[in-house]
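1. Sequence first, then the predicted structure, then my questions.
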Amino acid sequence: MKFKTAKTNKQGVDLTPILDMMFIILIFFMVSATFELNRSIKMKLPKSFAGESDISKEKILIEVDSAGNISLNGEATEIHNLSNKIKEIDNFSTSTIYLLGDNDTGYKNIIAILDILKVMGISDISLVTEEKTEIE
């Protein structure tokens with residue numbers, strides 16, 4: 001006994017290649033996207049090839065302007081209160097701390113903050129700069 005199979009004509013467009021391309025484009029934009037900083041202190045960051053320029057959303061942001069004013073996540077603070085303010089943040093010891101210093105900030109201000117962070121046992125510290133595009 002011979003069975004005949006019904007021949008069906010497939011009509012339509014195969015969407016698999018289109019979906020593959022859309023997925024690749026989506027991944028490209030997710031990887032190449034940068035996060036915008038909500039800085040509380042107006043400052044001009046120094047430029048560097050090696051500094052950190054991308055900041056994750058889960059952040060602890062310390063800013064120091066040229067006058068030595070310090071801001072922790074947008075809230076003004078003093079250097080002697082910095083460690084207490086950081087301890088109030090959940091998971092501060094495992095979070096990355098991003099340190100932004102104005103181009104004219106004194107070296108001693110940055111060192112004082114780094115000293116406080118090291119004494120607190122925080123080792124994941126990134127110095128944020130603007131990206132340098134050419135050698136001057």
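-> Arrived safely.
2. Just the C-alpha atoms of stretch 95-102, please, in PDB.
-> Extracted in PDB, the C-alpha atoms of stretch 95-102 (Å, rounded to 0.1, in the frame of the first residue of the first chain):
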ATOM      1  CA  SER A  95      30.300  48.500  45.600                       C
ATOM      2  CA  THR A  96      32.600  50.400  43.200                       C
ATOM      3  CA  ILE A  97      33.400  53.900  44.300                       C
ATOM      4  CA  TYR A  98      33.800  56.400  41.500                       C
ATOM      5  CA  LEU A  99      36.000  59.400  42.500                       C
ATOM      6  CA  LEU A 100      35.600  62.600  40.400                       C
ATOM      7  CA  GLY A 101      38.100  65.300  41.000                       C
ATOM      8  CA  ASP A 102      38.000  68.700  39.200                       C
END
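3. could you give the mean pLDDT of it?
-> Mean pLDDT, stretch 95-102: 82.
4. now that stretch: how far from the chain's centre is it?
-> 10 Å (Cα atoms, centre = their mean, to the nearest Å).
5. Please identify the buried residues of it?
-> For stretch 95-102, burial by neighbour count (16 or more other Cβ atoms under 10 Å) applies to S95, I97, Y98, L99, L100, G101, D102. In short, each C-beta sits where N, CA and C put it, glycine included.
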